[in-house]
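>>> My questions are about this predicted structure, shown below with the sequence.
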There are 2 protein chains.
Amino acid sequence: MSTLDRPNPSAQNRRRPTIREVAALAGVSLKTVSRVVNGEPAVSAKVRSRVLAAVDRLGYRPNLTASSLRRADGKSATIGVVLEDVGNPFSSTLHRSIEDVAGERGVLVLAASSDEDASREREIVSAFTSRRVDGLIIIPASHDHSYLLSERQAGTAIVFVDRPPAFLDADTVLTDNDLGVRRGIRHLIGHGHRRIGYIGDLLSISTAVMRYQGYLDELAAAGIAVDESIVRLDCRGIASAETAATELLSSKRPPTALFTGQNLITIGGFRALRKLGLHNRVALIGFDDFLLADLLEPAITVIAQDPAAIGRAAAEVLFRRLDGDHAPSAHHIVPSRLIARGSGEIRP
Amino acid sequence: MSTLDRPNPSAQNRRRPTIREVAALAGVSLKTVSRVVNGEPAVSAKVRSRVLAAVDRLGYRPNLTASSLRRADGKSATIGVVLEDVGNPFSSTLHRSIEDVAGERGVLVLAASSDEDASREREIVSAFTSRRVDGLIIIPASHDHSYLLSERQAGTAIVFVDRPPAFLDADTVLTDNDLGVRRGIRHLIGHGHRRIGYIGDLLSISTAVMRYQGYLDELAAAGIAVDESIVRLDCRGIASAETAATELLSSKRPPTALFTGQNLITIGGFRALRKLGLHNRVALIGFDDFLLADLLEPAITVIAQDPAAIGRAAAEVLFRRLDGDHAPSAHHIVPSRLIARGSGEIRP
DNA sequence: TTGTAAGTTGACAACGTTGTCTGTTTGGCG
DNA sequence: CGCCAAACAGACAACGTTGTCAACTTACAA
């Protein structure tokens, strides 16, 4: 057969070499190659170098899936991360810091987006466990995590971030949502505001509920009655927040300050203020920092979360579990902080 | 032994059930369970439902690593993506659109960050291939990809995005970097500018070179001589770009317009303009769009790439290869477009 | 010289699954 | 009733690796 018979002769020719072929070339047994590859001690220098030469010549790469199948601990050196959306800044920053901690231990990260869909969360977890990940880090979208019980019993470590799990006792790493909001509201009150509007995220997201509760609590603590006409909950995304903010600000008795409960909602709120020309008259504090918040006009005061710290903490807890820590579930709180930049310091 | 002997009785008790245990419970052979699980036809309805009941009762989840080891095609239903940084907007948007295409086919995505480090790129690829990913999508950091030859010969599909590979013939999906920059420079010239400064990214990044070349070419086409005193190359990040821009703008003969060759460089350049109070006097066009560019004062005119389209195209090419397409390497160009918002329309 | 321990090496089974092949049952038809 | 094809079920080997255990070599002391 001439080479012309195969249009692309370079592709898919050579199978990947196995440990068996390396052994044959080096003139030793399978097991000896395995020992060399895994750095086990009981191999003479002479044999070792012969094996390494064969490894090199064949371009042998160990097959980790076969290895983890056989290994006593069954570890795959892979963890799975369920994010809200791998493309959004909060999730991807979290992802990055998890990757950093995992990378130090030679562990790889599978990541997928639930898009706030409970059934998607389960599908992703199922795909992860089919591949026998050693651990899971989850931003929950579902509201019942009892389905994870069997996974944990099988030895998979599980850590929840950003939001607590439901019907499952597990490690968590959360932001101090309620306290953060209260600090922001207190800041506004301290600058003389009494009519403070609130725009919040989907109420199916537990942090959205916690944040709104912080708003209610701080108003109550200050003896200010809640006026539901300047509250909009269950918003999603920039456009819907912009609409909500426009409504509040155009009402008969508009708020003198606005607290927005999430990233995109803050941007939507800011857009509305700009469009109405109120951006230097109505105060704005948003939950969650975002790139360029300091370059807007006015610069936006925010309650900043620290997604990198959350991710790092979550990964550290996870690996501690994988190292055999069996202590009762721990609940970490990563503090948020107020960054005053201008928009939150406007007086009524 | 009393339960008190084990402090955490819920953890790590039950091993994961195997196909063998399902078979025993259902009273059939291994192979029959395998057939049911994989939806093969030759199983009677009665046996099938008996097996499914057993699967359900034991909470059996197939072990994909064992399965892919044995399977004829050896596919792991997993692909690896080497990004610059999973946390940056360009990379994570790319990641997300790849995930979407992969998800439709039940394929999971491993992602890792090279941080522009060639050796890190190789380590990541090695970790991916050890896990026998079916395909690789790579934003290259290294400048020699011949090491991937053996992977491809072993049947791994490989697609390069954002930048071309070196010393390896492979599919690519790129932005029209040079044309995009030329369009931007032409836009500035059209608004009366003759002194256009340029601030570029690390020259080790091939797209940075291509973009700078676009700048040179368009100036040449317009008959404008290049003045190297208003060009700064090899910048990295916001701070270094801000310094560079400040230098250019404070020089004896400052530019009347600035072209910035990357995301963060644009932000750095904008910061410098703001600090010097020149943001409404000196024009600015940046390569790469970013969130909120439209809300700045002035809003930033950009040459926008389409990372989601790039990711989608790359994933589609990859899966076409995995489906057996052996045609010669294809090179896709995803066009950029100019979004005029104000900063690029300032006249000298 | 022999015995013994330490240091090396290899044969074999097993991890959980699927491909192949063979054997058994069922149903329809003459 | 007998035959045959089609439908169904199972035994066994194999995927690439590591754990176990036994066997071989060497070096050194008795």
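Looks like it came in fine.

>>> ok, residue A:19 to residue A:142 distance?
Distance from residue A:19 to residue A:142, counting by CB to CB, to the nearest Å: 42 Å. Backbone N, C-alpha and C define where each C-beta goes, glycine included.

>>> just the helices in chain A please.
Taking DSSP state H, the helices of chain A run over residues A:19-26, A:30-37, A:45-58, A:64-70, A:89-103, A:118-130, A:149-153, A:177-190, A:206-221, A:237-250, A:263-275, A:307-322.

>>> May I see the buried residues of the third one?
Neighbour-count burial for helix A:45-58, counted by 16 or more other CB atoms under 10 Å in any protein chain shown, picks out A:47, A:48, A:50, A:51, A:52, A:54, A:55, A:58.

>>> What pLDDT is listed against residue A:295?
On pLDDT, residue A:295 comes in at 87.

>>> Nearest to residue A:200 among the buried residues of helix A:45-58?
Proximity of the buried residues of helix A:45-58 to residue A:200 (CB to CB) peaks at residue A:55, which lies at 58.5 Å.

>>> distance of the closest residue to that closest one other than its chain neighbours from residue B:126?
Closest residue to residue A:55 apart from its sequence neighbours, by CB to CB, 6 or more residues apart in numbering or on different chains: residue A:22 at 5.6 Å. In this view, residue A:22 and residue B:126 are 17 Å apart by CB to CB.

>>> Show me which of these two is the more surrounded one.
Using other CB atoms under 10 Å in any protein chain shown, the more surrounded residue of residue A:22 and residue B:126 is residue A:22, with 26 against 13.

>>> List the residues that contact the more buried one.
Applying CB atoms under 8 Å, 6 or more residues apart in numbering or on different chains to residue A:22 gives the contacts A:33, A:51, A:54, A:55, A:58, A:60.

>>> got the domain boundaries for chain A?
Following automatic domain parsing, one gets these domains for chain A: A:3-62, A:78-175+A:307-334, A:177-305+A:338-345.

>>> could I get those domains as TSV with distance to residue B:327?
Shown next, in TSV, are the domains of chain A (distance: least, CB to CB, whole Å):
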stretch	distance to residue B:327
domain A:3-62	8
domain A:78-175+A:307-334	30
domain A:177-305+A:338-345	41
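
>>> Chain A against DNA strand D: which residues are in contact?
Residues of chain A lying close to DNA strand D (CB under 7 Å from any atom of the strand) are A:15-16, A:18-20, A:30-31, A:34, A:37-38, A:60, A:62-63, A:66-67, A:69-72.

>>> Please check those and keep the buried ones.
Buried among the residues of chain A next to DNA strand D (16+ other CB under 10 Å): A:16, A:18, A:19, A:34, A:37, A:60, A:62, A:63, A:66, A:67, A:69.

>>> got a pLDDT number for the residue of the stretch 201-348 of chain A found nearest DNA strand C?
Closest residue of the stretch 201-348 of chain A to DNA strand C, CB to the nearest atom of the strand: residue A:322 (18.5 Å). pLDDT for residue A:322: 95.

>>> which residues does the nearest residue to it once chain neighbours are set aside contact?
Distances taken as CB to CB, 6+ apart place residue A:157 nearest to residue A:322, at 5.1 Å, with adjacent residues excluded. Contact partners of residue A:157, counting by CB under 8 Å, 6+ apart, are A:134, A:135, A:136, A:318, A:321, A:322.

>>> one more time with 7 Å, if that's ok
By CB atoms under 7 Å, 6 or more residues apart in numbering or on different chains, the contact list for residue A:157 reads A:134, A:135, A:318, A:321, A:322.

>>> And the pLDDT at it?
Listed pLDDT for residue A:157 reads 96.

>>> Tell me the bridge partners for it.
residue A:135 (DSSP bridges).

>>> Could you find the closest non-adjacent residue to residue A:36?
Among residues not flanking residue A:36 along the chain, residue A:51 sits closest, at 4.3 Å (CB to CB, 6+ apart).

>>> For that neighbour, give its distance to chain B.
18 Å (CB to the nearest CB, to the nearest Å).

>>> and if you look at residue A:302?
13 Å.

>>> doesn't residue A:291 make contact with that residue?
No: at 11.5 Å, residue A:302 and residue A:291 do not qualify as touching, with contact defined as CB atoms under 7 Å.

>>> more crowded one of these two?
Set side by side, residue A:302 and residue A:291 show more neighbours around residue A:302, with 28 against 15, by other CB under 10 Å.

>>> give me every residue that touches that one.
Counting by CB under 7 Å, 6+ apart, residue A:302 touches A:285, A:286, A:288, A:289, A:293, A:339.

>>> Export those as JSON lines, with columns for distance to residue A:87 and neighbour count.
Supplementary listing: these in JSON lines, determined by distance: CB to CB, whole Å; neighbours: other CB atoms under 10 Å in any protein chain shown:
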{"residue": "A:285", "distance to residue A:87": "26", "neighbour count": "29"}
{"residue": "A:286", "distance to residue A:87": "20", "neighbour count": "29"}
{"residue": "A:288", "distance to residue A:87": "16", "neighbour count": "22"}
{"residue": "A:289", "distance to residue A:87": "18", "neighbour count": "22"}
{"residue": "A:293", "distance to residue A:87": "19", "neighbour count": "22"}
{"residue": "A:339", "distance to residue A:87": "24", "neighbour count": "16"}
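
>>> In a markdown table: the residues you listed, plus distance to DNA strand C.
Listed next are these as a markdown table, based on distance: CB to the nearest atom of the strand, whole Å:
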| residue | distance to DNA strand C |
| --- | --- |
| A:285 | 52 |
| A:286 | 48 |
| A:288 | 42 |
| A:289 | 45 |
| A:293 | 49 |
| A:339 | 51 |
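
>>> which residues touch residue A:76?
Shown in contact with residue A:76 (CB under 7 Å, 6+ apart): A:68, A:131, A:132, A:133, A:134, B:65.

>>> For those residues, pick the one with the most neighbours.
Counting neighbours by other CB under 10 Å, the top entry in those is residue A:133, with 26 neighbours.

>>> Let me know whether that residue touches residue A:79 as I believe.
Yes: using CB under 7 Å, residue A:133 is in contact with residue A:79, at 5.4 Å.

>>> Distance check, the residue of the stretch 51-200 of chain A found nearest DNA strand C against chain B.
Residue of the stretch 51-200 of chain A nearest DNA strand C, by CB to the nearest atom of the strand: residue A:70 (3.3 Å). Counting by CB to the nearest CB, the gap from residue A:70 to chain B is 10 Å.

>>> which regions of chain A lie under the pLDDT threshold?
Along chain A, segments meeting pLDDT under 70 span A:1-14.

>>> Can you name the two of the contacts of residue A:76 that sit furthest apart?
Spanning the widest gap among the contacts of residue A:76 are A:134 and B:65, at 12.1 Å by CB to CB.

>>> which stretch among the helices of chain A comes nearest residue B:195?
That would be helix A:263-275 among the helices of chain A, by CB to CB, at 32.3 Å.

>>> So for that closest one, what gets flagged as buried?
In helix A:263-275, the ones that count as buried by 16+ other CB under 10 Å are A:263, A:264, A:265, A:266, A:267, A:268, A:269, A:270, A:271, A:272, A:273, A:274.

>>> now do stretch A:111-124
Of the residues in stretch A:111-124, A:111, A:112, A:113, A:114, A:116, A:120, A:121, A:122, A:124 count as buried by neighbour count, 16+ other CB under 10 Å.

>>> Residues contacting it, please?
Stretch A:111-124 has contacts (CB under 7 Å, 6+ apart) with A:81-86, A:95, A:140-143, A:147, B:96, B:99, B:108-109, B:111.

>>> Also stretch A:313-331?
With CB under 7 Å, 6+ apart as the test, stretch A:313-331 has contacts from A:79, A:98, A:101-102, A:105, A:134-135, A:137, A:157, A:159, A:161, A:169-173, A:332, A:334, B:7-8, B:11.
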